[in-house]
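Visitor: below are the sequence and a predicted model; questions follow.
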Amino acid sequence: MSSIGVRLVVVYFQIFVVNGKPQVPCYFIFGDSLVDSGNNNQLQTTVKSDYPPYGTDFSEGVTGRFTNGRTVADIIGELLGFDEYIPTYATVTDQHISQGVNYASGGSGIREETGSHMGDRISFDKQLLNHRWIVLRLFELQQNTTYTREHLSKCIYIVNTGSNDYINNYLKPTFYATSHIYTTNGHYAKILLKQYSRQLKVQISIFDLGARKIAVFGLGLIGCSPAEISIFGTEGKPCVDSINKAVKQFNNKIKPVIDELNDHNPDAKFTFINVTNIASQPGAGLTNIPSCILRTDGQCAEMTITSPVRTMSMYFDGYHPIEVVNIHTAKMAYNAVSTMDASPYDISHLVRL
């Protein structure tokens, strides 16, 4: 397989803190397996990563992260100054919820049915419901409505979802009707974003405060993933162009949605993280050969030996980036060098608004 160009900026990985405290009081994470850190471990699903070789380079070993090390969400948390990883919704205790919760679930998506053929998952709608319960619990614990509202209004929220609405929905016509109902990529993207916009509005309306600073991640080039290449073939090209065209329809339409959300919600600040642009910039050539032996569903086979040169690959398994790519994506999301990477703000600016 040919290499995919990725710009890897060598930057001293400094954790920016003020007086030893994080830049924001709390950090909430929503999404799919790209940012899931273990919520699927106890679910009845095939979408799990609670076994080796996942976590092979992670300080805590196997945790349920779908990569060899840290996720993008983990690294952004470090850049924000948190000295511990944000706990999963499945494991969080009252002692820690004031600093944030990770609600993300592998296999989930914007649409409720997405990923259902693989078993249980926590859809974005259900993640929002879980957040509602967490917010309610915070009010109960702190017993100070004014303080709790002010506390939550300063938090950073990231949302990284939508990939499975293609991989495990639209691109699987045997299991789902979406590709039959929405016969063009543009039509499906429009319908998907209409629902996504509604969900993001719900996110900022929870208890009339909810999220105020929200970074929404776009989709990566799914057609370049090893699993999709294996399924669909490329006709001699580096990637599956038809899939990437569908993804670009979604990404092209999401920026106006973000602008509209900002225009109609003056107390909230949304920003778009352009993952495709971040991952496609010229630089060190990384292959899209996975770093482990794949199962038929694109995940790593258990206990398979990972490549000793995995830092030369973009992918750990058939779908998920390796840690070095996650570091690059997180740094560019946090401190973008171009408005093509993050717009209208990067996360470091979002913090200060």
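Guide: Structure received.
Visitor: for the rest of this, base every contact and every neighbour count on C-alpha atoms.
Guide: Fine.
Visitor: all strands of the stretch 51-200 of the chain, in order?
Guide: All strands of the stretch 51-200 of the chain, identified by DSSP state E, counting those that start in this stretch, fall at 156-160.
Visitor: how about the helices in it?
Guide: 72-79, 124-142, 145-153, 164-165, 178-181, 185-205 (DSSP state H, counting those that start in this stretch).
Visitor: and the longest one, what's its mean pLDDT?
Guide: Right, helix 185-205. Regarding helix 185-205, the rounded mean pLDDT is 93.
Visitor: what's downstream of it, the next helix or strand?
Guide: strand 213-217 (DSSP states H and E).
Visitor: now the angle from that following strand to helix 185-205?
Guide: 160 degrees (axes from the mean of the first three to the mean of the last three Cα atoms, to 10 degrees).
Visitor: just confirm residue 279 is within a helix.
Guide: Yes - the assignment for residue 279 is a helix, going by DSSP: H, G, I helix; E, B strand; the rest coil.
Visitor: burial count for it?
Guide: Around residue 279 there are 23 other residues, counting by other Cα atoms under 10 Å.
Visitor: and it, how far is that from residue 126?
Guide: 30 Å (Cα to Cα, to the nearest Å).
Visitor: on that earlier part again, so which of the helices of the stretch 51-200 of the chain is nearest residue 336?
Guide: Across those, residue 336 has its closest neighbour in helix 72-79 (12.7 Å, Cα to Cα).
Visitor: what is the orientation angle of that closest one with strand 156-160?
Guide: 160 degrees.
Visitor: distance of residue 259 from residue 156?
Guide: 18 Å.
Visitor: ok, these two, which is more surrounded?
Guide: residue 156 (24 against 17).
Visitor: check contacts around the more buried one.
Guide: Going by Cα atoms under 8 Å, 6 or more residues apart in numbering, residue 156 touches 24, 26, 27, 28, 211, 212, 213, 214, 215, 351.
Visitor: nearest to residue 326 among these?
Guide: residue 215 (15.8 Å).
Visitor: ok, that closest one - contacts?
Guide: With Cα under 8 Å, 6+ apart, residue 215 has these contacts: 156, 157, 158, 159, 270, 271, 272, 273, 347.
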